[in-house]
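Engineer: Using only what follows, build the 3D model:
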Amino acid sequence: MQQLLDSALPIGGFSHSFGLETLIQEGGIRSSADLEQYLRAMLEQSWATTDALVVSAVYRDAPAGEYRRLWAAERIVHVQRIGTETRSGMEKMGRRLLALAASIYPGCRMEELEKAYREGECLLTHPLVFGWICWQSGIGREQAVQGWLYGSIGNAVNSALRLMAIGQTEAQRMLAMLSADAGRAAGITLGMEPEEAWSNMPYAELAMIRHETLYSRLFMS
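Structural biologist: Numbers count the residues shown, from 1 in each chain. Now for the predicted structure:
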C-alpha cells in the first residue's frame, strides 16, 4: 500500500494542492501551526466523511457484487465537490491509477471497474480505484481507510513544502503528530455508511473554487 500512497506515483497527485495553494497565497495559512490546524480539520470534517467513505464502500459492496450500490456511493461523494479543478483532478488521478494497475498490480482484477466506466456507471475517481486495488490486494478495510487518510495528509504536507517556509524536519514532525489523528479519523469513517457522506469545510471549498483565478499558480488545483 505504501506504493499507492507515494506522492511520486505518476498519477498527477504531485500537481494538485486541492485549494491549499489558495489558502497559503491569500494568507489564510501562514505558519506550521496554521497548517496543522487546517489538516486536523480536513481529516475530521472532510476526508474522513467523504473520500474515505468511498474506500470503505468498496469493502462493503464489491465482495457481494453490489456494484450499482458502490457506483452510487461514489457519485454521492463526488457531486459534493464544488470546485471544478478538484472534481477534474480526482477523476484524472483515478483514471491514471487504473491505467497503471495493469502493470504494477497484475494480480488485481479491474475488469468490473473498466466495464462500469465504459458504460457510464462509475466515475473512476481516485478513492474508488484506490479502494478497489487495496481490496483486490488483500489489504484490510481499516488499513485501507487509514492509508487513504494518511496519504491525504502526506500529499498536503508535500504541497505545503513547496508553498511556504517549513523545512523537511518540521514536515516529518507534523506527519508523525497527525498519524494518530488519521487513526481516529478512520474510526469516524468506519462508523458511517457511505450514503451518509458530508463535508463541513466551506473555507477549503471556497479556496478550491478560487484557485483557478489566482494570478500565479504552481498547482493544477
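Engineer: On the C-terminal side of the helix or strand bottoming out on mean pLDDT in the chain, identify the next helix or strand.
Structural biologist: The helix or strand of the chain with the poorest confidence is helix 2-5; it has a mean of 69 (mean pLDDT, DSSP states H and E). As assigned by DSSP states H and E, the chain's next helix or strand after helix 2-5 is helix 20-25.
Engineer: ok, residues contacting that next one?
Structural biologist: Helix 20-25 has contacts (Cβ atoms under 8 Å, 6 or more residues apart in numbering) with 28-30, 38, 156, 159-160, 163-164, 203-204, 207-208, 210-211, 214, 217-219. Yep, even glycine has a C-beta here, placed from its N, CA and C like the rest.
Engineer: rerun that using 10 Å as the cut-off
Structural biologist: Outside helix 20-25, the residues within contact range by Cβ atoms under 10 Å, 6 or more residues apart in numbering are 17, 28-30, 34-35, 38-39, 42, 83, 155-157, 159-160, 162-164, 203-204, 206-221.
Engineer: How about stretch 206-221?
Structural biologist: Applying Cβ under 10 Å, 6+ apart, the set of residues contacting stretch 206-221 from outside is 12, 14-26, 28-29, 81-90, 92, 159, 162-163, 201.
Engineer: in that stretch, what counts as buried?
Structural biologist: When burial is assessed from 16 or more other Cβ atoms under 10 Å, stretch 206-221 yields the following buried residues: Leu206, Ala207, Met208, Ile209, Arg210, His211, Phe219, Met220, Ser221.
Engineer: Could you do stretch 10-25 as well?
Structural biologist: Applying a neighbour-count criterion of 16+ other Cβ under 10 Å, the buried positions in stretch 10-25 are 11-14, 16-25.
Engineer: How about stretch 132-144?
Structural biologist: By neighbour count with 16+ other Cβ under 10 Å, stretch 132-144 contains the buried residues Trp132, Ile133, Cys134, Trp135, Gln136, Ile139, Arg141, Ala144.
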